[in-house]
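Asks: curious how this folds, go ahead:
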Amino acid sequence: MRLCLTQRLGKNMTFDSTIHPLFKPFGLKLPTQQITTLHKTITQWIWFGATGGYIEGDSRAGKTTAVEMLSTSLKDREGNILPSMIITVPERDNKTVRAIHLNNCVVAGIPFTARVSSDALSAAWCFRIAERCAQEESNTFVLFVDEMQRLIPKQFNAFAELHDKLRTMGVLLVVIFLGNRYESNELITEVQSNRFSHIRGRFFVHSTKFHGLRNKDELKQCLSLYDTTFFPLDSSISYTEHFLPQQFLNDWRLEAQTELIWNVLDQYKKDMGLESVGMQYVIMIIKLLLCDYLPKVGVERLCHEMVSKCVELSGLHHSRFL
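Replies: Have a look, this model is predicted:
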């Protein structure tokens, strides 16, 4: 017979709920089907010798979180973990190649002076990456560039330069860009022109789309993770059980509520003309249910209206304006 949460911990042992992943900003990372598919796609690009690619997705679909999760588990054909780095393109009035090299050095923790040249910045970054690859015994380095839509075409030359310099050091630089759907369309169209054929051939031959939750099956897989992901990691207490211990002991599972929750989400999705529901909103909806509503009112009162209220509070209905 399974013991409920309080029984397992004992009377004097309680969790500090503020440190639970559901309460941490950016702390909840669930291996959804989309993330698994993206991992396989990027792995194929690398194994086939691609020098880059482009991931397109709606705002708040979960692209950044997905890359944060998979970036530490990409492997070469021999099964060795590949070193990688994630940079985010900042919004700047002065969009230059130097700004890219400067940002790269900041992320890599490379000190520099105010008047340092673009050449010196790119060289310093390449030496740092080459050293890291030598330490990790890898001849491939993966650079993820988030918020690609903030770039202008000429700034792609910065990544071509880095690719060329690292090649002379025996390192293959694979650059994978992440961009918001629609916002990146004009930039992609311009890069496809003959004027930027050297950029297109290196970084934009391969592309894929990243979605939020599109159907009931994807939601079911996501909800099942709350029932089977443990916290603390070395315990057997799932996220669902943490917040609903007695109900979980009585065999209540979040996954079993898929039909009800999807019916609500699907209606919003249709009314708003969305292809998918962004993971940011799904995570907020489930957080509200697990942490606020259900522990207070009881799982037997879970209904269409309660889920709708959580959807409204998540901000999903405002996402059409993002």
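
Asks: residue 60: how many residues sit nearby?
Replies: 19 (other CB atoms under 10 Å). For the C-beta atoms, the positions are set from N, CA and C on the backbone; glycine is no exception.

Asks: so what does it have for phi and psi?
Replies: phi 70, psi 20 (degrees, to the nearest 10).

Asks: please tell me how far the nearest residue to residue 147 once chain neighbours are set aside sits from residue 187.
Replies: Distance criterion CB to CB, 6 or more residues apart in numbering; nearest residue to residue 147, sequence neighbours excluded, is residue 89 at 4.5 Å. Distance from residue 89 to residue 187, counting by CB to CB, to the nearest Å: 11 Å.

Asks: picking that back up, what's the burial count for the residue nearest to residue 147?
Replies: Residue 89 has 20 neighbours, counted by other CB under 10 Å.

Asks: who's in contact with it?
Replies: Under the criterion of CB atoms under 8 Å, 6 or more residues apart in numbering, the neighbours of residue 89 are 100, 103, 145, 146, 147, 148, 150, 151.

Asks: just give me the neighbour total for the last one.
Replies: For residue 151, the tally of surrounding residues (other CB under 10 Å) stands at 21.

Asks: need the CA coordinates for the helix or strand hosting residue 309. CSV is fine.
Replies: Under the criterion of DSSP states H and E, residue 309 resides in helix 304-314. Output in CSV follows, covering the C-alpha atoms of helix 304-314 (Å, rounded to 0.1, in the frame of the first residue of the first chain):
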residue,chain,number,x,y,z
HIS,A,304,-15.3,23.3,-17.6
GLU,A,305,-15.8,26.6,-15.8
MET,A,306,-12.8,26.1,-13.5
VAL,A,307,-10.5,25.3,-16.4
SER,A,308,-11.8,28.2,-18.4
LYS,A,309,-11.1,30.5,-15.4
CYS,A,310,-7.5,29.2,-15.4
VAL,A,311,-7.2,29.8,-19.1
GLU,A,312,-8.3,33.4,-18.7
LEU,A,313,-5.8,33.9,-15.8
SER,A,314,-3.0,32.4,-17.9
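
Asks: what packs against it?
Replies: Packing contacts for helix 304-314, counted by 3 or more CB pairs under 8 Å, 6 or more residues apart in numbering; DSSP states H and E, involve helix 258-272, helix 279-288.

Asks: residue 71 is nearest to which of these?
Replies: Proximity to residue 71 (CB to CB) singles out helix 279-288 among the helices and strands packed on helix 304-314, at 17.0 Å.

Asks: buried set for the helix or strand following the closest one?
Replies: Sequence order places helix 294-297 as the next helix or strand after helix 279-288, per DSSP H and E. Within helix 294-297, the residues that qualify as buried by neighbour count (16 or more other CB atoms under 10 Å) are residue 294.

Asks: which non-adjacent residue is nearest residue 127?
Replies: residue 169 (8.0 Å).

Asks: enumerate every residue touching that neighbour.
Replies: By CB under 8 Å, 6+ apart, the contact list for residue 169 reads 126, 127, 130.

Asks: next one: residue 317
Replies: So residue 317 contacts 268, 272, 311 (CB under 8 Å, 6+ apart).

Asks: separate out the buried members of these.
Replies: Buried residues within the contacts of residue 317, defined by neighbour count using 16+ other CB under 10 Å: 268, 311.

Asks: of all the contacts of residue 317, which comes closest to residue 54?
Replies: Nearest member of the contacts of residue 317 to residue 54, counting by CB to CB, is residue 272, at 25.8 Å.

Asks: how much space separates the closest one from residue 65?
Replies: For residue 272, the distance to residue 65 - CB to CB - is 22 Å.

Asks: so what's residue 229 scoring on pLDDT?
Replies: Looking at residue 229, its pLDDT is 94.

Asks: how far does stretch 28-36 sit from its chain's centre?
Replies: Relative to its chain's centre, stretch 28-36 lies at 8 Å (CA atoms, centre = their mean, to the nearest Å).

Asks: could you tell me the end-to-end distance of it?
Replies: 16 Å (CA to CA, to the nearest Å).

Asks: quick one: buried residues of that stretch?
Replies: Buried residues in stretch 28-36 (16+ other CB under 10 Å): 28, 30, 32, 34, 35.

Asks: likewise stretch 250-263?
Replies: By 16+ other CB under 10 Å, the buried positions in stretch 250-263 come out as 252, 253, 254, 255, 257, 258, 261, 262.
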